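Participant: Turn this into a model:
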Amino acid sequence: MPFDITMEFMPIHEVGTGGLHGFEALARGPQGEHSAELYAVARRTGALADLDRQCLRTALRAANALDSDYRLFVNVSPSSIAGGRLLSELGDISSRPERIVLQIVPFEAIHDHPRFLAALTPALELGCRVALGGVGTGYSSLALLTHAPVHYLKADASYLQPHNPVDDLPLRAMGGLAQSLSLRFVVPGCDSERHLSTALACGADLVQGTYVGNPSQTPQNAPSSSPVLKRMTG
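Facilitator: Residues are numbered from 1 along each chain as shown. Coordinates of the predicted model:
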C-alpha cells in the first residue's frame, strides 16, 4: 500500500558543543499530517510494514546526498524489524549504513525478544546503531536494554510540552539511567528556552526542537551548529 509522504529532517544537536550530531527523519502526509497520524492509519489498515519500508527508503535516499558523518535517526516499528524483510534492504538502499540510527517507536510491544534481536543483527553488522524512542510512553520498554545493544535513550517530547506541567523527575531519572548505562540521552521537544533549560538540567546529551533548530526538507543545507545552544551552554 503506497503512502503519499514527504520527509522532513529535524536537526539533533550536541549539548556540549552546540554542533550538529544528525537528523531525525520525520514522515509528513500530503496535508502535513505528522508521523503519529500516519502510523495510526497504517496500524488500522494493516499497512505498518509498508509505511516503515517506504519511510526508510525515502529517508535514506535523501540522506545519501549528505557528504558528512551526521547520524540519521529513522523511526521503525518493532514488528517491521522482527519481520526480517525491512532491514535486509539496508545495504542496498544506503551508501553509508553506519550512519543510520534505527529508532524503535513505542507504538507496539516487543513480544519475542530473541526473534527481534536475530532480525536486528544484520543491521548491527552493517554498523547501524539503535535508539530506544519515546521512553516513558506507549509500549516503550526498558527490557530491550537487556536484549539488544542500544546506543541512545530518547525521551518523549510530551514531557516538555505546555499542556503537560513540567515535572522533571522522570526526565532526571532517564538521564541518570542513560548515564549509568553509557548511553546518549536525547531530549526532543525543545521548542522554547524553558524547554531547553529543563532538558539541560536533566542531563541531556543531545537535544532537538524548533528553539534549537528547525526541520528542513534539505538536510544538506542545515547549519553545522545551533547559536542558541552554544549561547546557553558556552
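Participant: With only the CA atoms kept, save stretch 106-116 in PDB.
Facilitator: Once side chains and other backbone atoms are set aside, the C-alpha atoms of stretch 106-116 remain, and they are given as PDB (Å, rounded to 0.1, in the frame of the first residue of the first chain):
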ATOM      1  CA  PRO A 106       6.700   2.800  21.200                       C
ATOM      2  CA  PHE A 107       3.500   2.100  19.200                       C
ATOM      3  CA  GLU A 108       3.600  -1.700  19.900                       C
ATOM      4  CA  ALA A 109       5.100  -4.200  22.200                       C
ATOM      5  CA  ILE A 110       8.000  -6.500  21.500                       C
ATOM      6  CA  HIS A 111       6.800 -10.000  22.400                       C
ATOM      7  CA  ASP A 112       9.700 -12.100  21.200                       C
ATOM      8  CA  HIS A 113      13.000 -10.500  22.100                       C
ATOM      9  CA  PRO A 114      15.200 -13.300  20.700                       C
ATOM     10  CA  ARG A 115      13.400 -13.100  17.300                       C
ATOM     11  CA  PHE A 116      13.700  -9.300  17.400                       C
END
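Participant: mind listing the helices for the protein?
Facilitator: If you assign secondary structure with DSSP state H, the helices in the chain sit at 35-45, 48-63, 78-82, 85-88, 90-93, 113-125, 169-180, 193-201, 227-233.
Participant: Return the list of helices and strands in contact with the fourth one.
Facilitator: If I follow you right, that is helix 85-88. Here helix 85-88 is seen to pack against helix 48-63, helix 113-125 when contacts are counted using 3 or more C-beta pairs under 8 Å, 6 or more residues apart in numbering; DSSP states H and E. Heads up, the C-betas are built off the backbone N, CA and C, glycines and all.
Participant: Below-threshold pLDDT in the protein: ranges please.
Facilitator: Along the chain, the parts satisfying pLDDT under 70 run over 1, 67, 91-93, 95, 139-141, 162-167, 234.
Participant: any chance of the helices and strands packed on helix 85-88 in a markdown table, plus mean neighbour count and distance to Asp156?
Facilitator: As requested, the helices and strands packed on helix 85-88 are arranged in a markdown table below (neighbours: other C-beta atoms under 10 Å; distance: least, C-beta to C-beta, whole Å):
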| stretch | mean neighbour count | distance to Asp156 |
| --- | --- | --- |
| helix 48-63 | 21 | 19 |
| helix 113-125 | 16 | 21 |
